[in-house]
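Sequence plus the predicted model coming up.
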Amino acid sequence: MRTERRLALRSVIWFLPAALLAGATTIASAHAADGQQLIYLASWPHQILIFDSVEEKLVDTIQLDSDVTQSLVLSPDKRRLYASTAKDNSIVTVDLATRKQMLKFSLDSGNRSTRFLGLAPDPSGKFLYSIATTVTKLADRYEIEAPKLVAIDIETQKITRAADFPKDESLAGAWRPQMKFSPDGKYLYIFLNGILVFDTDTLKLAKKIDLADPHVPGFANVVFNPVEEESAEDPNEEPGKLTNVFISADPYVHRAVFGIAKIDLGSLTFDFTPVAPATTLSMTPLLITPDHQIGYTAVINGTPGNRRCEFWAFDLPANRRTMTAEFPCRPRFSFGISSDGKHLYLYGAGFEIEVWNAATLTIESTIDLQNDVTMGGIVVVR
């Protein structure tokens, strides 16, 4: 069913009351000049691991002069990584060519600290966008300001624009929400309990799309959902488009259904096709093959101690599920795909990365990274 005919659907609000405070991850997969496919993983306490997925071995480590990485994203020109850190609230820039930290700055000042929720570089490469909360430490209490959507100038190392985050939009349970820009940088998409579209000039809400992100957040310090909140960066996504799984409900009996939505980030339009009743607790972001014919997600059912995890494969032109396979659940994990679409990855939290055959959904190898991976997601550098 086409987009405009589905706009009456009311999104299902899936949330739990507190943010997932355990570590999570981001990895970046890169094609170097010699044909290597490199995967960058943040690890404890403040390193970035470089993993060669072709040779299946750890090839280098980048040391950061900061605290543990909270968010890790790729610059638009695919030459740098930007990291935000947890304790010292710093922004760190890493040069991928030299594998060195370039600069670090913090927006903390005196007894005031600025905490970031999510991180996204705009297409110009000049600004980083985030949801920021300022906390002031007083003699007898902490004063916490209302969250704001902010634009951080990388060159001046300052917040140059800020606007109050819409009070009607809940951030409960959000840890690192997925953020996407339209190709011209005019709009910023933030994926929460619905899809919020902001005008980047005014930082005001321009549109809301009633499709819910099915990635359920977790209780603080009690890992209820093993999937990190920050969606994986799909190496094979069409530029200016986003294909992902979402949950919605009909306005009559309020039955939850999951489906596949194809979003045009430039025109603010989408097509949502229901697939089946929403019977799962949580699903990872949909990752697709280079020919855009097959999509993969990892599905979690049950509660800790009694949880089942499965891979699901979808025929995207037909919008139907074609294959499933159960795999051992980790307490928390991240999910990725290779740029050729032949391998799936499971990693974090922990010391190992698993390589799975995408065609058969069978495991091929498990590699010890000798470091505790703390963050997740996959970004391809072409």
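Structure received. Numbering: from 1, shown residues only.

list the buried ones in stretch 324-341?
For stretch 324-341, burial by neighbour count (16 or more other CB atoms under 10 Å) applies to 327, 329-330, 332-339, 341. C-beta here means a position set from N, CA and C on the backbone, and glycine is covered the same way.

ok, which stretches of the stretch 1-150 of the chain are strands?
Listed in chain order, the strands of the stretch 1-150 of the chain (DSSP state E, counting those that start in this stretch) span 27-31, 37-43, 47-52, 57-63, 69-74, 80-85, 90-95, 100-106, 112-121, 127-137, 142-144, 148-153.

These: lowest mean pLDDT?
Per-stretch mean pLDDT for those is lowest at strand 27-31 (a mean of 45).

what's near enough to touch the closest residue to Ala86 other than its chain neighbours?
Of all residues not flanking Ala86 in the chain, Gln70 sits nearest, at 4.6 Å (CB to CB, 6 or more residues apart in numbering). For Gln70, the contact set (CB atoms under 8 Å, 6 or more residues apart in numbering) comprises 83-86, 116, 176, 375.

How about Ile260?
Contacts of Ile260 (CB under 8 Å, 6+ apart): 243-246, 272-273, 275, 286, 295, 314, 316, 319.

could you redo the last one with a cut-off of 7 Å?
243, 245, 273, 275, 286, 314, 319 (CB atoms under 7 Å, 6 or more residues apart in numbering).

Check what pLDDT it gets.
We have a pLDDT of 88 for Ile260.

three-state assignment of it?
Assigned with DSSP: H, G, I helix; E, B strand; the rest coil, Ile260 falls in the strand class.

give me the beta-bridge partners of it?
In this entry, Ile260 is beta-bridged to Val245, Thr273, by DSSP bridges.

and it, how far is that from Leu205?
Distance from Ile260 to Leu205, counting by CB to CB, to the nearest Å: 25 Å.

ok, so of the contacts of Gln70, who is nearest Leu192?
Closest to Leu192 out of the contacts of Gln70 is Arg176 (11.4 Å), distances taken as CB to CB.

re the thing from before, in JSON lines: the contacts of Ile260, plus distance to Leu361.
Shown next, in JSON lines, are these (distance: CB to CB, whole Å):
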{"residue": "Thr243", "distance to Leu361": "20"}
{"residue": "Val245", "distance to Leu361": "17"}
{"residue": "Thr273", "distance to Leu361": "23"}
{"residue": "Val275", "distance to Leu361": "18"}
{"residue": "Leu286", "distance to Leu361": "15"}
{"residue": "Phe314", "distance to Leu361": "13"}
{"residue": "Asn319", "distance to Leu361": "20"}
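
Narrow those residues to those that are buried.
Neighbour counting over the contacts of Ile260 (16+ other CB under 10 Å) leaves 243, 245, 273, 286, 314 as the buried ones.

ok so, going back, so can I have a markdown table of the strands of the stretch 1-150 of the chain showing distance to Leu268?
Shown next, in a markdown table, are the strands of the stretch 1-150 of the chain (distance: least, CB to CB, whole Å):
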| stretch | distance to Leu268 |
| --- | --- |
| strand 27-31 | 28 |
| strand 37-43 | 32 |
| strand 47-52 | 35 |
| strand 57-63 | 37 |
| strand 69-74 | 23 |
| strand 80-85 | 26 |
| strand 90-95 | 29 |
| strand 100-106 | 33 |
| strand 112-121 | 17 |
| strand 127-137 | 17 |
| strand 142-144 | 32 |
| strand 148-153 | 17 |
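
what's the closest of the ones you listed to Asp264?
Nearest of the strands of the stretch 1-150 of the chain to Asp264, taken as CB to CB: strand 112-121 at 18.3 Å.

Out of the buried ones among the contacts of Ile260, flag the one nearest to Phe351.
Leu286 (27.4 Å).

Can you redo the contacts of Gln70 as CSV, where the extra columns are distance to Ala42 and neighbour count?
CSV is the format used below for those (distance: CB to CB, whole Å; neighbours: other CB atoms under 10 Å):
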residue, distance to Ala42, neighbour count
Ala83, 7, 27
Ser84, 11, 25
Thr85, 10, 22
Ala86, 11, 18
Phe116, 15, 23
Arg176, 12, 28
Met375, 4, 28
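
just curious, which of these is nearest to Lys158?
Each of these was checked against Lys158 using CB to CB; the closest is Phe116, at 14.2 Å.

you'd agree the closest one is up against Ala83?
No: contact status for Phe116 versus Ala83: not in contact, 10.6 Å apart, counting by CB atoms under 7 Å.

residues shared between the contacts of those two?
Taking CB under 7 Å, 6+ apart as the contact rule, Phe116 and Ala83 both touch Ser71.

What about Leu369, how many residues nearby?
Here the number of neighbours of Leu369 (other CB atoms under 10 Å) works out to 19.

Return the residues in contact with it.
Contacts of Leu369 by CB under 7 Å, 6+ apart are 49, 51, 58, 351-353.
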